[in-house]
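Asker: Structure for this input, please:
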Amino acid sequence: MRKNIGKIARIVLILISISSLYFVPWKIIYVWALPLPDQVQTQLDEGVSHGFDGMIVYIDKAGAPPAFYASGFHNRALKTPADPHDFFKIASIGKLYHALAITKLVSEKRLTLDQTLAFHFPELVGRIEYAERITIRMMVQHRSGIPNLSDTPNFYMNPPKSFEEALDKILDAPADFEPGSSYAYSNTNYLLLSELIKRVTGGDKFDYFRKTILNPLGLKNTFISIDQINMDQLMGGYYVGVEKDIKTTNYGSMIATAEDVGIFLRALNEGVVFGPGEKEIYDSIYVYEHTGLLPGYMSIARYHEEIDAVVVQFVNTTDFSGYEWSISEIVHSRILKILKP
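Answerer: Now for the predicted structure:
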């Protein structure tokens, strides 16, 4: 009897082991294990062969002129090739610009980081839990506990068309945690910070961006939304399983070229964007690199100190499973290996 039980147990274990192979991310392992090419362009072409519709990479490495790469399609239906100067929805990379704007407003003494949500938005007391305890610093750092509006049902199927409509998605919802007690990424924080910049400056938020960040750096290909651009210049956005180009859907993302993002990122990391005392403020509240993800758009913007290089990578294909994001990160890491001496 014991022998039979032991045999059955071994068979069950074998069956479990075999069935578990179904869940192994073989495609990701395959992409990771491929021989490393010796050229960045070859790596981009390989990335497109993994299922991306199009890719753009901008590299600013010390001692060399900026390099521009593209592969795949700008427009899949028309077979228009991707151009390294295409406009792109940079999604959460835009948070770097917002955090810098908050830094400058603090430096100008128009804000303090310890002012509360209730102080600037008294109408939200009783509508956002702990509004009297949530500070600007907490919102910048995603430590406010305010629920993430983009996690609400059908957010990406029917995106809000105004600040009020977006905020309404989380009003009266319980906090994720008490302010300052934990961390949770929440786009609602930056929705509120965006409105705060507008209220404090008394004008259009993007006017302040242009005056304090974009114009000093000579950035002419960065925009606040798709409403400001020629849509033909915007790279198509594609979702796995959906044939249609979804680039016209407005999620409120900033738009930029990879070059503009790269110039901004180097200036941020080298401190060129900071006035007196501003670097210390920024250091205390936010990071110096970012990624971005929206339906149809994945982006990575990082400065790699060990090789003194900024690498900006855009991919215009996303999916629900997260496989596409994982492959994008692997491609980025392989580009770095190619760049290292």
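Asker: Pull the number of nearby residues for the closest residue to E306 other than its chain neighbours.
Answerer: Closest residue to E306 apart from its sequence neighbours, by CB to CB, 6 or more residues apart in numbering: K340 at 7.8 Å. C-betas here are computed from N, CA, C, even on glycine. Counted with other CB atoms under 10 Å, the neighbours of K340 add up to 10.
Asker: Return the distance of K340 relative to I307.
Answerer: Distance, K340 to I307, using CB to CB, to the nearest Å: 6 Å.
Asker: partner residues bridging the residue nearest the centre of the chain?
Answerer: Computing the C-alpha centroid of the chain and ranking residues by CA atoms, centre = their mean puts G292 first, at 1.5 Å. Under the criterion DSSP bridges, G292 forms beta bridges with S299.
Asker: Go ahead and confirm it touches L96.
Answerer: No. The criterion here is CB atoms under 8 Å, and G292 misses it with L96 at 10.0 Å.
Asker: which neighbours do the two share?
Answerer: A301 (CB atoms under 8 Å, 6 or more residues apart in numbering).
Asker: pLDDT weak spots in the chain?
Answerer: 1-24 (pLDDT under 70).
Asker: so where do the strands sit in it?
Answerer: Assigned by DSSP state E, the chain shows strands spanning 54-61, 67-75, 80-81, 88-89, 222-223, 238-239, 255-256, 290-294, 297-304, 309-315, 317-318.
Asker: So for I102, which of those sits nearest?
Answerer: I102 sits nearest to strand 290-294 of all these, at 14.9 Å, using CB to CB.
Asker: Tell me what angle the closest one forms with strand 309-315.
Answerer: Per axes from the mean of the first three to the mean of the last three CA atoms, to 10 degrees, the angle that strand 290-294 makes with strand 309-315 is 10 degrees.
Asker: tell me the contacts of the nearest residue to L214 once chain neighbours are set aside?
Answerer: The shortest distance from L214 to any non-neighbouring residue, by CB to CB, 6+ apart, is to T222 (5.6 Å). Residues counted as contacts of T222 (CB under 8 Å, 6+ apart) are F209, L214, M254, I255, A256, T257, D260, V261, F264.
Asker: just G63 next, same as before
Answerer: D308.
Asker: From S144, how far out is L217?
Answerer: For L217, the distance to S144 - CB to CB - is 30 Å.
Asker: And these two? Which one has more around it.
Answerer: S144 (30 against 16).
Asker: Against S49, how distant is the more buried one?
Answerer: 42 Å.
Asker: go on, S92?
Answerer: Taking CB to CB, one finds S92 at 27 Å from S49.
Asker: between these two, who's got more neighbours?
Answerer: Taking neighbours as other CB under 10 Å, S92 and S49 compare with S92 leading, 19 against 11.
Asker: my read: the more buried one touches H290, true?
Answerer: Yes. The pair S92 and H290 passes the contact test of CB under 8 Å, sitting 5.9 Å apart.
Asker: so who does N221 touch?
Answerer: Residues in contact with N221 (CB under 8 Å, 6+ apart) are H85, F87, A256, T257, E259, D260.
Asker: what's around the closest residue in space to N148 that isn't next to it in sequence, how many residues?
Answerer: Using CB to CB, 6+ apart and skipping the chain neighbours, the partner closest in space to N148 is S186 (4.1 Å). Neighbour count of S186, defined by other CB under 10 Å: 22.
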